[in-house]
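*Asks:* Dropping a prediction and its sequence here:
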There are 2 protein chains.
Amino acid sequence: MNPWMKEACNLAKEGMKKAEGGPFGAVILDPEGNIIGKGNNQVLSQKDPTAHAEIVAIRQACEKRNTYDLKGCTIYTSCQPCPMCLAAIIWANIQQVYYGCTKEEAGEIGFRDDQIYDFIKEKKMDLLRFEQIDHEECQKLMEEYVKNGGVIY
Amino acid sequence: MNPWMKEACNLAKEGMKKAEGGPFGAVILDPEGNIIGKGNNQVLSQKDPTAHAEIVAIRQACEKRNTYDLKGCTIYTSCQPCPMCLAAIIWANIQQVYYGCTKEEAGEIGFRDDQIYDFIKEKKMDLLRFEQIDHEECQKLMEEYVKNGGVIY
């Protein structure tokens, strides 16, 4: 078994034992192969719906490296990332993902990963109601940001 | 202008002034109409790629209510949520989203919201490399979680 995936699984197991959250773990390696972030699902213990294994690991790695940019890093995660974690991985500029289980398997045990993918793919539209309001006023924020030379990341 | 969207815009403006991050703000209301979470993009100041306005607001609301479950709550956000924030909103069980700008407009000023949507919709596949490994070992985690009656959220 890949040693980093093994570590991700061990993190998941430890978290499960402590009832911190679902059966998910993740490890982030820097380009030199050093572990810079570890995480397990902590939704229950942190009472934070965003505390998925990958997010916990990304936040730890960013804190350690003192940057929001993990370019060149690799993530090992025990399950295919949900859309939240997948987008977080892209925002962090991680470029390689190794995963174990699939989102369909997460769905089979009751998690909504697959449903959220379907919502984003516009195949399942009853998870959430969406309405656009006050468009012009909000546009001004973007204009102001660009005008002031705001950083794009 | 809707007062909650106005508040979301004000949060975005304040954050921009302090160079905390992009031009994005969000407010969460409980079912009684009380503000329980506020956020602006803090990716730059927190050095955290997950510190989008909606995520910051969700984490604050969950801390305030001491739960990971924001069922019945509403979010006002100055821009259509990126896939990370959209999935976080669904994981938090928020059911109504009011948004101002679109993801295409975020894309026009240089943010990758739209590209990440395309990646998830399997239209743009060069953002990230994916590889499945150690499937069986990872499956055991899920089996163990189910066997032990783990909470599904």
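*Replies:* Thanks, I have it. Please read all numbers here as calculations on a predicted model, not as lab measurements.
*Asks:* in chain A, which helix has the most residues?
*Replies:* Counting by DSSP state H, the longest helix found in chain A is helix A:3-17.
*Asks:* and it, which residues are buried?
*Replies:* For helix A:3-17, the neighbour count (16 or more other C-beta atoms under 10 Å in any protein chain shown) marks A:W4, A:M5, A:K6, A:E7, A:A8, A:C9, A:L11, A:A12, A:K13, A:G15, A:M16 as buried. The way it works is simple: take the backbone N, C-alpha and C, and place the C-beta from them, glycine included.
*Asks:* For stretch A:83-103, C-alpha coordinates in CSV please.
*Replies:* What follows is stretch A:83-103, C-alpha atoms only, in CSV (Å, rounded to 0.1, in the frame of the first residue of the first chain):
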residue,chain,number,x,y,z
PRO,A,83,-17.0,19.3,-4.7
MET,A,84,-16.1,21.5,-1.7
CYS,A,85,-12.8,19.8,-1.2
LEU,A,86,-12.1,19.4,-4.9
ALA,A,87,-12.5,23.2,-5.5
ALA,A,88,-10.5,23.9,-2.3
ILE,A,89,-7.7,21.7,-3.8
ILE,A,90,-7.8,23.7,-7.0
TRP,A,91,-7.9,27.1,-5.2
ALA,A,92,-4.8,25.9,-3.2
ASN,A,93,-3.1,25.2,-6.6
ILE,A,94,-2.5,21.5,-5.6
GLN,A,95,-1.9,19.7,-8.9
GLN,A,96,-2.1,16.0,-8.1
VAL,A,97,-4.7,14.0,-6.3
TYR,A,98,-4.5,10.4,-5.3
TYR,A,99,-7.8,9.0,-4.0
GLY,A,100,-9.0,5.6,-2.7
CYS,A,101,-12.8,5.2,-2.6
THR,A,102,-15.2,6.9,-5.1
LYS,A,103,-17.9,9.5,-4.5
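*Asks:* ok so, going back, ok, which of the buried residues of helix A:3-17 also contact chain B?
*Replies:* Among those, proximity to chain B is found for A:M5, A:K6, A:C9, A:A12, A:K13, A:M16 (C-beta under 8 Å from any C-beta of the partner chain).
*Asks:* unless I'm mixing things up, the third one is touching A:A26, no?
*Replies:* So the one you mean is A:C9. No - under the criterion of C-beta atoms under 8 Å, A:C9 is not in contact with A:A26, lying 10.2 Å apart.
*Asks:* Which of the ones next to chain B among the buried residues of helix A:3-17 sits closest to B:N40?
*Replies:* Checking those against B:N40 with C-beta to C-beta, the nearest one is A:A12 at 33.0 Å.
*Asks:* Just list the residues touching the closest one, thanks.
*Replies:* Listed by C-beta atoms under 8 Å, 6 or more residues apart in numbering or on different chains, the contact set of A:A12 reads A:P23, A:F24, A:G25, A:N40, A:N41, A:A53, A:S78, B:L141.
*Asks:* Please repeat the previous calculation with a cut-off of 6 Å.
*Replies:* A:A12 makes contacts with A:P23, A:F24, A:G25, A:N40, A:S78, B:L141, as judged by C-beta atoms under 6 Å, 6 or more residues apart in numbering or on different chains.
*Asks:* and if you look at A:K71?
*Replies:* Contacts of A:K71 by C-beta under 6 Å, 6+ apart are A:N93.
*Asks:* Can you pull the phi/psi pair for it?
*Replies:* When read as degrees, to the nearest 10, the backbone of A:K71 gives phi -50, psi 130.
*Asks:* now do A:Q96
*Replies:* Taking degrees, to the nearest 10, you get phi -130, psi 130 for the backbone angles of A:Q96.
*Asks:* who's in contact with it?
*Replies:* For A:Q96, the contact set (C-beta under 6 Å, 6+ apart) comprises A:T74, B:R129.
*Asks:* Contacts only, for A:D114.
*Replies:* Each residue near A:D114 by C-beta under 6 Å, 6+ apart is listed here: A:K103, A:E104, A:G107.
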